[in-house]
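**Q** Structure for the following, please:
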Amino acid sequence: MSILNIKKKRTELNNKVTSIPVRSKSLKKDLKTYSQIIRQFTDTVANLEEAYSRLQRRVEDLTLELRKKSFELRLEKHQKSNIRSYLDYVLLSMNSGVIAIDKEGRITVFNRAAEAMTGIPQQEALGKHYAEIQERLGFSQNPLTALRHKEEYLGLEGRIYAEAGSGRNEARHVRRSVTLIRDHASRIIGAMEILEDITEFKRLHKEYQKASNLNALGDMARQFAHKIRNPLGGIMGFAALLERDFDEDDPRRVYVGKILEGVSKLDKYISDLLLFARPMKPTLERYEIHDLLQKNLRILASQAARNQIYELKECAQPVFITLDAELFAEIVSHVHEFIGFWGKKQAPVAVKVMSHPENHQATISFLFLLTPNGQKLNLEKEEEMTGSFLAQEEGLALAIVKRLTEILDGVFSIAAEGEDGIEIRLQFTMS
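**A** Numbering: from 1, shown residues only. All right, here's what the predicted structure looks like:
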């Protein structure tokens with residue numbers, strides 16, 4: 001019976017009791033006793049009502065607290081999910097390759113960098129056993145061996161042969177570290193392999209060693225050049241005296257002329273070698289490049305032995321560059337020397353100055369037609385073209401152009417234009 005029904009019955013009973021006429025003392029006594037019982041019953045019902053109210057309030061409090069805890073749990077779960085997603089994105093976006101396995105050896109993490117280095121698609125690796133990709137990687141010390149022997153391997157280096165888009169196996173140099181994954185109780189629950197691509201570092205290190213060797217060779221070349229130049233001067237002097245002793249119609253005079261010509265050419269090679277090898281500190285000033293270029297081209301045109309036609313196309317606006325005028329003159333002179341050897345005879349050379357205000361750069365371009373003999377060179381790849389010319393006769397002239405341009409903080413490049421055109425580009429920063 002509910003509390004409301006009890007109240008209703010009590011009211012009805014009180015009404016009936018008050019309506020009964022008092023007939024005797026015993027009846028009054030019974031009624032008094034009955035009233036006391038009713039009163040006690042009423043008090044008990046009131047206490048029950050109060051207890052019920054307290055219980056109801058407690059249930060409401062517990063319900064609110066349960067809702068609060070439920071909300072906090074959902075919020076915590078959402079935060080943990082966000083953190084997990086964030087960590088997944090961090091792993092995916094790392095430049096280092098990350099491959100993680102669980103205790104059974106199944107791959108649980110295989111990020112984009114690992115996919116790029118190994119050539120193995122992420123979808124093919126995740127969930128697979130590490131042994132399925134172990135052979136493709138070729139590393140004997142890997143996460144599986146780390147789990148088996150409970151060892152870690154740090155600072156290992158190796159190569160990964162990933163299949164490139166052309167179908168060729170491309171070797172990537174990697175530095176590897178294999179570590180064990182432990183839980184809060186230091187129990188081993190997996191292993192992780194970190195792959196760092198050091199291919200570019202290896203290339204730069206090789207270039208550095210090459211540059212160091214070139215510097216050493218340059219020092220040696222300077223020493224030998226000075227030693228050779230001294231006896232060359234003596235040979236040239238004695239040959240000049242010998243030439244004066246012969247009559248104009250003496251056939252031996254021709255041989256002396258050949259000696260003087262060969263010695264002169266050898267002296268030129270030594271001068272170029274010294275120019276290439278010696279350390280330089282440029283004296284920088286601001287010049288309008290058209291004026292400086294025209295001045296150097298006029299000097300070259302005045303030399304009868306170097307009959308070369310230059311067609312200069314000027315930029316619409318003045319172009320100012322900060323450089324060393326003497327070194328720039330050497331650059332133009334050796335470009336002229338290179339074109340004189342490799343350029344098609346009697347074909348004009350197009351010289352063009354282009355400004356690029358958007359990146360504060362100016363480019364000087366020398367475009368000429370390649371001699372038929374030079375068309376046998378391998379000119380398919382632009383990055384290999386400089387090396388192709390440097391390995392040939394008169395390659396020192398181009399090497400000097402490249403080195404002097406870089407000393408002036410410029411960029412040298414050479415490219416094929418059309419079927420038999422070659423373009424030398426010198427790029428400098430405008431001032």
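
**Q** where do the helices sit along the stretch 1-150 of the chain?
**A** 3-19, 25-93, 112-118, 122-125, 131-137, 143-149 (DSSP state H, counting those that start in this stretch).

**Q** and stretch 360-371, average pLDDT?
**A** Mean pLDDT, stretch 360-371: 89.

**Q** Can you report how many residues neighbour Val349?
**A** Val349 has 21 neighbours, counted by other C-beta atoms under 10 Å. Any C-beta I mention is one placed from the backbone N, CA and C, and that applies to glycine too.

**Q** roughly how far apart are it and Leu297?
**A** Per C-beta to C-beta, to the nearest Å, Val349 is found 9 Å from Leu297.

**Q** so what sits against both of the two?
**A** Shared contacts of Val349 and Leu297, defined by C-beta atoms under 8 Å, 6 or more residues apart in numbering, are found at Tyr310.

**Q** what's the longest strand in the protein?
**A** Criterion DSSP state E: the longest strand present in the chain is strand 169-182.

**Q** ok, what's across the strand from Gly158?
**A** For Gly158, the beta-bridge partners under DSSP bridges are Val174.

**Q** For it, grab the count of nearby residues.
**A** Gly158: 15 neighbours (other C-beta under 10 Å).

**Q** which element follows the longest strand of the chain toward the C-terminus?
**A** Downstream of strand 169-182, the next assigned helix or strand under DSSP states H and E is strand 188-197.

**Q** what angle do that next one and strand 169-182 make?
**A** Relative orientation of strand 188-197 versus strand 169-182 (axes from the mean of the first three to the mean of the last three C-alpha atoms, to 10 degrees): 150 degrees.

**Q** Counting by contacts, list what strand 188-197 packs against.
**A** When contacts are defined as 3 or more C-beta pairs under 8 Å, 6 or more residues apart in numbering; DSSP states H and E, strand 188-197 packs onto strand 97-102, helix 112-118, helix 143-149, strand 169-182.

**Q** just these: most buried one?
**A** Counting by mean count of other C-beta atoms under 10 Å, strand 97-102 has the highest mean neighbour count of the helices and strands packed on strand 188-197, with a mean of 22.

**Q** so Arg172 touches Glu196, yeah?
**A** No - look at Arg172 against Glu196 with C-beta atoms under 8 Å: they stay out of range, at 10.5 Å.

**Q** ranges for the helices of the stretch 301-431 of the chain?
**A** Going by DSSP H, counting those that start in this stretch, the stretch 301-431 of the chain shows helices at 325-342, 382-390, 395-407.

**Q** Ile101: which of these is closest?
**A** helix 382-390 (40.0 Å; C-beta to C-beta).

**Q** Quick one: mean pLDDT over the closest one.
**A** Here the average pLDDT along helix 382-390 is 64.

**Q** now stretch 142-152
**A** Averaging pLDDT along stretch 142-152 yields 89.

**Q** Stretch 395-408 now?
**A** Stretch 395-408 comes out with an average pLDDT of 86.

**Q** residue contacts, Ser365?
**A** Contact partners of Ser365, counting by C-beta under 8 Å, 6+ apart, are Ala350, Val351, Lys352, Val353, Met354, Glu423, Ile424, Arg425, Leu426.

**Q** Which residues does it form beta bridges with?
**A** Beta-bridge pairing for Ser365 (DSSP bridges): Lys352, Arg425.

**Q** Next, find the distance separating it from Arg298.
**A** Note on Ser365: its distance to Arg298, by C-beta to C-beta, is 19 Å.

**Q** same deal with Leu204?
**A** Taken as C-beta to C-beta, the span from Leu204 to Arg298 is 42 Å.

**Q** With Glu157 instead?
**A** Distance, Glu157 to Arg298, by C-beta to C-beta: 57 Å.

**Q** Reformat the helices of the stretch 301-431 of the chain as CSV; add distance to Phe238 and mean neighbour count.
**A** Formatted as CSV, those follow (distance: least, C-beta to C-beta, whole Å; neighbours: other C-beta atoms under 10 Å):
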stretch, distance to Phe238, mean neighbour count
helix 325-342, 28, 20
helix 382-390, 35, 14
helix 395-407, 27, 20
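
**Q** Turn those into CSV, columns for distance to Pro318.
**A** Shown next, in CSV, are these (distance: least, C-beta to C-beta, whole Å):
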stretch, distance to Pro318
helix 325-342, 17
helix 382-390, 31
helix 395-407, 21
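
**Q** Which of the ones you listed sits closest to Glu60?
**A** Nearest to Glu60 among those is helix 382-390; the distance by C-beta to C-beta comes to 78.5 Å.

**Q** is it true that Ser431 touches Pro318?
**A** No - Ser431 lies out of contact with Pro318 (C-beta under 8 Å); the separation is 11.6 Å.

**Q** pLDDT weak spots in the stretch 1-150 of the chain?
**A** Scanning the stretch 1-150 of the chain for pLDDT under 70 picks out the ranges 1-25, 78-94.

**Q** Let's see that with 80 instead.
**A** By pLDDT under 80, the weakly predicted segments of the stretch 1-150 of the chain are 1-32, 34-35, 45, 70-95, 135, 138.

**Q** ok, which stretches of the stretch 151-300 of the chain are helices?
**A** Under DSSP H, counting those that start in this stretch, the stretch 151-300 of the chain gives helices at 199-245, 252-277, 289-302.

**Q** Kindly reformat these as CSV containing mean pLDDT.
**A** Listed next are these as CSV, based on pLDDT from 0 to 100:
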stretch, mean pLDDT
helix 199-245, 71
helix 252-277, 76
helix 289-302, 86
